[in-house]
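> this one's sequence-less:
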């Protein structure tokens, strides 16, 4: 028997056993690793244009970053940005940088912390073969079907830059039947959505003109947060932004079936065909992964791009030149190349 023993065990082995038992008992009394519960509100009903966020829920990316994320759908009757401003939710999906600039003008403490879409998906569509086959000809259309949001934003740029006339505007109510019936009209839409609907309902493939390819420089589908959250808990903001970016790479280039299932669960009107069309359109037109994002990663924002777009909006008469537009966004949570290793080689 060893010279030093307790209960017949060598002293060293007894000490180790005692330590392991104590560790196990203490472990039982410790709480599980803390998880931050976060609510992220979108700006419309669930769709492929929100896919990366649903992907990060479905494949556990948010969980990996210590987040339990609930996605709150938007829609025509909701105002999730108001919930964000009131502190009822943690993050919100912004439509474009006009909203962020306006928040500064109205002294609303909402800030863009990432820009998922490098190109705003806003489009104009026309019938083929009726003299409206070139972007510069669209202003000649007899009727412009344009929604109220676009009328006070991107249409003001179209008016100043290309001479579109406000007198020809008729409200677009998310019903494409009037456009389909009127061959000399044009209609607004999203490159990921309305062309698909026109082909199904109208039986023809419309001309599609992406405003971003003709000089409109706004980012879109931004992640917005309150100024106080950014100041008090930057780690939470960084984790949500980083996990969302990774979710978008997985959604675009990986297996997105589980994310699409969640989208269709939240929005039963969504179909597999529409989702497939939208994902393909995002890739073909470089909506998410193009421009600065090719070097800086999805979500990229740059001061140069922000300045250029702000100048456009000043020229369009939407904002005064002296507005401190830099308060509308922060770039410290993006531009770090997160996820670039997940992009397929080109």
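Structure received. Keep in mind that this is a model prediction, so the values were computed, not measured.
> could you say which helix or strand holds residue 111?
strand 110-117 (DSSP states H and E).
> helices or strands up against that strand?
helix 80-85, strand 91-96, helix 97-105, strand 220-226, helix 227-232, helix 234-253 (3 or more Cβ pairs under 8 Å, 6 or more residues apart in numbering; DSSP states H and E). To be clear about C-beta, it is placed using only N, CA and C from the backbone, and glycine gets the same treatment.
> what's the first helix or strand after it?
Next in sequence after strand 110-117, counting helices and strands by DSSP H and E, comes strand 122-126.
> how far does that following strand sit from the chain's center?
Strand 122-126 sits 20 Å away from the centroid of its parent chain (Cα atoms, centre = their mean, to the nearest Å).
> residues in contact with it?
132-133, 135, 138, 141, 150, 154, 179, 185-191, 194-195, 198, 206-212, 216, 220 (Cβ atoms under 8 Å, 6 or more residues apart in numbering).
> swap in stretch 307-318?
Outside of stretch 307-318, the residues within contact range by Cβ under 8 Å, 6+ apart are 97-98, 101, 152-153, 156-157, 159-161, 215-219, 319-321, 323, 325.
> inside helices: which ones of these?
Of the positions in the contacts of stretch 307-318, 97-98, 101, 156-157, 159-161 sit in helices, assigned by DSSP state H.
> can you give me how far stretch 298-314 is from the chain middle?
On the basis of Cα atoms, centre = their mean, stretch 298-314 sits 16 Å off its chain's mean C-alpha point.
> now it: buried residues?
Judged by neighbour count (16 or more other Cβ atoms under 10 Å), stretch 298-314 contains these buried residues: 298-302, 305-306, 309-310, 312-314.
> repeat for stretch 127-137
Those would be 127, 132, 135, for stretch 127-137 by 16+ other Cβ under 10 Å.
> could you dump these to a markdown table with pLDDT and distance to residue 235?
Putting the buried residues of stretch 127-137 into a markdown table (pLDDT from 0 to 100; distance: Cβ to Cβ, whole Å) gives the following:
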| residue | pLDDT | distance to residue 235 |
| --- | --- | --- |
| 127 | 98 | 52 |
| 132 | 98 | 51 |
| 135 | 97 | 45 |
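> so of the buried residues of stretch 298-314, which ones are in helices?
Per DSSP H, the buried residues of stretch 298-314 map to helices at 305-306, 309-310, 312-314.
> ok so, going back, which stretch among the helices and strands packed on strand 110-117 comes nearest residue 57?
helix 234-253 (7.8 Å; Cβ to Cβ).
> between that closest one and strand 91-96, how big is the angle?
60 degrees (axes from the mean of the first three to the mean of the last three Cα atoms, to 10 degrees).
> quick one, helix 234-253 and strand 220-226 angle?
Helix 234-253 runs at 160 degrees relative to strand 220-226, counting by the same axes, to 10 degrees.
> any idea which helix or strand comes after helix 234-253?
The first helix or strand that comes after helix 234-253 along the chain, using DSSP H and E, is helix 257-266.
> list the contacts of that following helix.
By Cβ under 8 Å, 6+ apart, the residues outside helix 257-266 that reach it are 45-48, 50-52, 54-55, 57-59, 71, 73, 251, 270-272, 275.
> please check these and keep the buried ones.
Among those, those buried by neighbour count (16+ other Cβ under 10 Å) are 45-48, 50-52, 54-55, 57-59, 71, 73, 251, 270, 275.
> of those residues, which belong to strands?
Here DSSP state E is the test, and the buried ones among the contacts of helix 257-266 give residue 71 as lying in strands.
> for residue 204, give its distance to residue 37.
According to Cβ to Cβ, to the nearest Å, residue 204 and residue 37 sit 48 Å apart.
> looking at these two, which is more packed in?
The neighbour count for residue 204 versus residue 37, taken as other Cβ atoms under 10 Å, is higher for residue 204 (12 against 9).
> pretty sure that one sits against residue 130.
No - applying Cβ atoms under 8 Å as the test, residue 204 and residue 130 come out as separate, 11.2 Å apart.
> any low-confidence regions in the protein?
1-33 (pLDDT under 70).
> residue contacts, the residue nearest in space to the middle of the chain?
Compute the mean C-alpha point of the chain, and by Cα atoms, centre = their mean the closest residue is residue 221, 3.2 Å away. Contacts of residue 221 were listed using Cβ under 8 Å, 6+ apart, and they are 43, 49, 93-95, 115-117.
> which of the ones in helices among the contacts of stretch 307-318 lies closest to residue 343?
Minimum distance to residue 343 across the ones in helices among the contacts of stretch 307-318 is 24.6 Å, recorded for residue 97 (Cβ to Cβ).
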